[in-house]
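Peer 1: What would the 3D arrangement of this be:
(one chain, ligands or ions: 1)
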Amino acid sequence: MSVKQSLVELPLDLDRQRIPRHVAVIMDGNGRWAKSRGFPRIIGHQKGVDALKSLLRCCDDWGIEVLTAYAFSTENWGRPTHEVEFLMTLFERVLRKELEEMMAEDVKIRFVGDLKALPDSLQAQIAYSMEKTANNKGIQFNVATNYGSRQEILHACKSIASEVQQGKIRVEDINEELFERNLYTGELINPDLLIRTSGEMRLSNFLLWQMAYGEIYVTPTLWPDFDREEFHQALLNYQQRDRRFGKIKH
Ligand code: FPP
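Peer 2: Take a look at the predicted model:
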């Protein structure tokens, strides 16, 4: 990644006042991308990393504050063992390889999900990367790994119930803010835009609470082919939306 560019590169047809602050992505279609070319599925995941790197750089260039990517869901453990093992090794390798560039670009990386179930060496690399980049002031890059939104909500309920049980808070203190703080995403702003590639119109257990008022954009493009122009189109579409948050316009 190059030294942070100014917003000069923002396409002229995009309104810089209406750039989403937080973009989330469901990177779907890696397997199909590979299969359609006669490659094993893992090649699709490798290409997927390149697409994610380009998107991160583009978000940074265009003034987006937070990018959250769904890398591995709690349901993904059900894939063939060799694919799961490949993905775990890939995450670790990518983290190790990209850390220097993330530091140079001032990227702050954070992992959200139940990280305790991940291989020890990956957990260690995650902890190291988060600690190293903790004080960076550039784009915040969240990687949802072993993430499932229902589990996240249950986890929040249990933490809050335990605080009530210990007398630290009262039931009357439970409100949206407190609940949100107990989610894996914590103090993060909610996504303004969720992009899903490969055409499926589902949230697939991703950011169910956080997406209450987020806009959803689905493209038939498979994830490894999702490039700057595709992102440009997604933002153009987003900027045409009338976001009312349940209210009416006067
Ligand atoms: C979905 O495609 C993709 C995944 C489950 C893995 C995505 C992970 C990456 C791109 C790596 C990210 C790495 C880091 C370190 C952040 P699929 O396999 O479900 O494709 P299909 O629907 O065509 O089968």
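
Peer 1: Now residue 193. Nearest residue, chain neighbours left out?
Peer 2: Counting by C-beta to C-beta, 6 or more residues apart in numbering, residue 193 lies nearest to residue 20, which is 4.4 Å off, once chain neighbours are set aside. Bear in mind the C-beta positions are built from the backbone N, C-alpha and C, glycine included.

Peer 1: same deal with residue 69?
Peer 2: For residue 69, the nearest residue in space outside its immediate sequence neighbours is residue 25; the separation is 5.1 Å by C-beta to C-beta, 6+ apart.

Peer 1: did I read that right, the one you found in a strand?
Peer 2: Yes: the assignment for residue 25 by DSSP: H, G, I helix; E, B strand; the rest coil puts it in a strand.

Peer 1: one step back: give me the distance between the residue nearest to residue 193 and residue 14.
Peer 2: In this structure, residue 20 and residue 14 are 11 Å apart, going by C-beta to C-beta, to the nearest Å.

Peer 1: returning to that earlier point: quick check: the residue nearest to residue 69 vs residue 145, distance?
Peer 2: Using C-beta to C-beta, which is the criterion applied here, residue 25 is 14 Å from residue 145.

Peer 1: follow-up on the earlier one: could you give the number of residues near the residue nearest to residue 69?
Peer 2: Using other C-beta atoms under 10 Å as the criterion, residue 25 is surrounded by 27 other residues.

Peer 1: need the contact list for residue 35.
Peer 2: The neighbourhood of residue 35, defined by C-beta atoms under 8 Å, 6 or more residues apart in numbering, consists of 41, 44.

Peer 1: what's the answer for residue 88, then?
Peer 2: Contacts of residue 88 were listed using C-beta under 8 Å, 6+ apart, and they are 118, 119, 122.

Peer 1: next one: residue 203
Peer 2: With C-beta under 8 Å, 6+ apart as the criterion, the residues that contact residue 203 are 26, 149, 194, 211, 216.

Peer 1: and the two most separated of those residues?
Peer 2: The distance between the two most remote of the contacts of residue 203 (C-beta to C-beta) is 14.4 Å, for 149 and 216.

Peer 1: Which one of the contacts of residue 203 is nearest to the ligand?
Peer 2: Each of the contacts of residue 203 was scored against the ligand by C-beta to the nearest ligand atom, and residue 26 proved nearest at 7.9 Å.

Peer 1: Output the contacts of residue 203 in CSV, with pLDDT appended to each entry.
Peer 2: Formatted as CSV, the entries for the contacts of residue 203 read as follows, by pLDDT from 0 to 100:
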residue, pLDDT
26, 98
149, 98
194, 98
211, 98
216, 98
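
Peer 1: picking that back up, for the residue nearest to residue 193, pull up the helix or strand it's in.
Peer 2: Element membership of residue 20, judged by DSSP states H and E, is empty: it is in no helix or strand.

Peer 1: now it: how far from residue 91?
Peer 2: Here the distance between residue 20 and residue 91 works out to 26 Å (C-beta to C-beta).

Peer 1: follow-up on the earlier one: more neighbours: residue 149 and residue 216, which one.
Peer 2: Neighbour comparison, residue 149 and residue 216: the larger count goes to residue 149, with 22 against 17 (by other C-beta under 10 Å).
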